[in-house]
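*Asks:* Attaching a predicted model along with its sequence, questions to come.
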Amino acid sequence: MMNDMRKIDRDTAVSDTKIQARDVQVFYGDAHAIKDVSVDILDKTVTAFIGPSGCGKSTFLRCLNRMNDTIDIARVEGDIQIDGSDIYDPSIDPVQLRAKVGMVFQKPNPFPKSIYDNIAYGPRIHGLARTKAELDEIVERSLRRGAIWDEVKDRLHEPGTGLSGGQQQRLCIARAVATEPEILLMDEPCSALDPIATAQVEDLIDELRRNYSVVIVTHSMQQAARVSQKTAFFHLGNLVEYRETGQIFTNPEDPRTESYITGRIG
Amino acid sequence: MADATAGTDQNPKTGSTADAVRASLARRNRKQRTVQVLGLGAISFAFLMLFILIASLVSSGYHAFTQTHITLEVFIDPEEVPLERLPRGGFDDVLEASLASVLEGVDPNDRATMRALGGLLSNGAQFRLRDRVVESPDLIGQTVTMTVPVSDPYDQLNKGLIDRETPEQHRRLKDFEIGWFDRLNASNAISKPLNTGLISNPDSRFPELAGLKGALIGSFWALFVCFLISFPLGIGAAIYLEEFAPKNKFSDFVEVNINNLAAVPSVVFGLLALAVFIGWFGLPRSAPFVGGMTLALMTMPTIIIATRAALKAVPPSIREAALGVGASKHQVVFGHVLPLAMPGILTGTIIGLAQALGETAPLLLIGMNAFITSAPSGPFDSATALPTQIFIWADSPERGFVSRTSAAILVLLGFLITMNAISIYLRNRFERNW
């Protein structure tokens, strides 16, 4: 099964570059966390970031929607462009950026509000719905995209925190897509989930690829192989190798990549 | 590999580890027991002290929860109380005559005896009669039944606080006075109902009339003003410091000083209030409004510290979730973090207010220990507060104030316990798990 999935769907026919990063450096105080990373992330593609703990893959992911701004000591240098515009330009408001670049976190983090309000929050603050009916429609569409509509449609007004872990994570994905982002960042979205919930979320990620550019950080190489078309391998803050997923797992160029995927480092 | 050898020859290292653990185990268990015993001892000691405190307060204070009354048939003599002189009139004489008519052998024309007889009644009895007659003047010439408090010495006598064995010259009541009281008591004129006056009367020079109404209303206004000032300012300051302020030398400096402010002795705040609020701003002395402002100075650091702790306790995942969907900083704080921190903030606020309720020293300095015999009608009227009322009563020489002081302390403790219970309830009710 897994091997089949590696072979299919590798052709990224629509290979528009969505995110272009050049010579990105990130410093936490004096620590140099990301060194000279340059990468082109494609539209309508799942890109996986893999690498051992502390290699900087999450840090780099959080640069893409400027979540690192919230950390006082973090400093980002270099150039990151989305659709050709620099996201670290002073004229860009991070709020505007984050409406365009949704994010799903490692631990499911629904708001302690109802399921409906969890989804409706983003559209409400951005003013995406003018009427209650429009909002209802957005909530339903988002929950359907999050592949959780059937499970929660009868209890939209119960708290989102009452769902199981896997449901919570899909709720968070639905919440992230409710603002119609163009890019979806996922920071180890399945690390807190059991295998069944993981499979559901992975199916969902594959679905999401039709509309979004998905970037997923994962610890699991199997997961990267299952869901992604492109894979980037990070090691000690460097981007070691970035290629089509099939190639990186079957025919890695760099000896460090090979060591990692064969289990010798990491 | 290790398994193969383990069966045959003893691994010396494993053996020594087990022995070492066994040797230290007894010592470690002994230490744990010592800690437990010490902890239990500390708690027992604290409870014992609390028990002694409450027991001593109750044993002296319970007398104040009842008040000796006397029921009299009073003939309102038109000669003593002429209609045209109202509200003036010889109401005391009318009452004394009524007493004399019950007690045989008292000569109504002996002025000294009659004055001593009048001393049996509370000083307030004549005013109560006067108010009744002024309200319906057609009572003049009729006989009315009145239940009025007896004066403090007789109240003490009735409660067994005056020792009849004491030689007469050392006693507050002479033998003939005790005799009067016993005869009245035998005729069922004396009763000892619940002392509602303790709550419903304002302060008085006479213990049998003194109550906490003025102090309760004064404390209410002071706390209300304190809350109105310290709650919004405290929360605002805490939100700014915790969520928006840049972390630098200056914010460190502010933080250290807020913690210092919480530790400043309250009497210093009282002096500050006296100099600034009353001296410079010319606000009235003894007013609960000024008291509330003074208490707010003390309560604010407590609220700031509690609010910051509550904001810090909100898990970062919630902030990230809100930021992730594109909420601005202020939407994250006011839409998510603050509502989640609210139970903690309220708990801290109530504890701060409970502390303010019991605060005495700053109120003494702004004159809230004045002798005021009417309840305040607003926050700018002169008033006392519960703790300062206790202070005044504790300082009063009349015997009746001894038990009233204890009773007032019990009332204050009752309010404090209620407020703390509310804060615990809020904490448990709204505590979230995620």
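*Replies:* Looks like it came in fine. These numbers come from a predicted model, not from an experiment.

*Asks:* Name all residues that make contact with B:Q355.
*Replies:* B:298-299, B:302 (C-beta atoms under 8 Å, 6 or more residues apart in numbering or on different chains). All C-beta spots, glycine's among them, are computed from the backbone N, C-alpha and C.

*Asks:* what's the closest of those to B:G292?
*Replies:* B:T299 (9.6 Å; C-beta to C-beta).

*Asks:* wait, B:A370 sits on B:T384?
*Replies:* Yes - using C-beta atoms under 8 Å, B:A370 makes contact with B:T384 at a distance of 6.8 Å.

*Asks:* who has more neighbours, those two?
*Replies:* Per other C-beta atoms under 10 Å in any protein chain shown, whichever of B:A370 and B:T384 has more neighbours is B:T384, with 33 against 13.

*Asks:* host element of the nearest residue to the more buried one once chain neighbours are set aside?
*Replies:* Excluding its sequence neighbours, the residue lying closest to B:T384 (C-beta to C-beta, 6 or more residues apart in numbering or on different chains) is B:A215, at 4.7 Å. According to DSSP states H and E, B:A215 maps onto helix B:213-239.

*Asks:* Could I get the buried residue list for that helix?
*Replies:* B:213-223, B:225-227, B:229-231, B:234-235, B:237-239 (16 or more other C-beta atoms under 10 Å in any protein chain shown).

*Asks:* now the strands: where do they sit in the chain?
*Replies:* Defaulting to chain A. For chain A, the strands defined by DSSP state E cover A:17-28, A:31-42, A:46-50, A:74-82, A:85-86, A:101-104, A:183-187, A:213-217, A:230-235, A:238-244.

*Asks:* try again with chain B
*Replies:* Counting by DSSP E, the strands of chain B are B:69-75, B:143-149, B:190-191.

*Asks:* Go ahead and name everything in contact with the last one.
*Replies:* Read it as strand B:190-191. Here strand B:190-191 has contacts from B:68-71, B:147, B:150, B:158, B:181, B:184, using C-beta under 8 Å, 6+ apart.

*Asks:* What pairs with it, parallel or antiparallel?
*Replies:* strand B:69-75 (antiparallel) (DSSP bridges).

*Asks:* and if you look at the second one?
*Replies:* Applying DSSP bridges, strand B:143-149 is found paired with strand B:69-75 (antiparallel).

*Asks:* interface residues of the stretch 1-150 of chain A facing chain B?
*Replies:* A:65, A:67, A:70, A:72, A:95-99, A:102-105, A:107, A:109-112, A:121-122, A:125-126 (C-beta under 8 Å from any C-beta of the partner chain).

*Asks:* switch to 10 Å and redo it
*Replies:* A:62, A:65-67, A:69-70, A:72-73, A:93-113, A:118-119, A:121-126 (C-beta under 10 Å from any C-beta of the partner chain).

*Asks:* Read off the pLDDT value for the residue of the stretch 101-250 of chain B found nearest chain A.
*Replies:* The nearest approach of the stretch 101-250 of chain B to chain A comes at B:K247, 5.9 Å away (C-beta to the nearest C-beta). What the model reports for B:K247 is a pLDDT of 82.

*Asks:* so who does the nearest residue to it once chain neighbours are set aside touch?
*Replies:* Among residues not flanking B:K247 along the chain, A:D72 sits closest, at 5.9 Å (C-beta to C-beta, 6+ apart). A:D72 is in contact with A:28-29, B:246-248, counting by C-beta atoms under 10 Å, 6 or more residues apart in numbering or on different chains.

*Asks:* Report pLDDT for A:D72.
*Replies:* So, for A:D72, pLDDT stands at 80.

*Asks:* backbone phi and psi for it, please?
*Replies:* phi -60, psi -40 (degrees, to the nearest 10).

*Asks:* same question, B:V314
*Replies:* Torsion angles, degrees, to the nearest 10, at B:V314: phi -70, psi 130.

*Asks:* Give the burial count for it, as a bare number.
*Replies:* 19.

*Asks:* if I pick B:V267, what's in contact with it?
*Replies:* B:359-362, B:364-365.

*Asks:* number of nearby residues for A:A192?
*Replies:* 16.

*Asks:* List the contacts of the nearest residue in space to A:E180 that is not next to it in sequence.
*Replies:* Nearest residue to A:E180 in three dimensions, chain neighbours excluded: A:L128, at 7.3 Å (C-beta to C-beta, 6+ apart). The contact partners of A:L128, by C-beta under 10 Å, 6+ apart, come to A:99, A:120, A:122, A:134-135, A:138, A:178-180.
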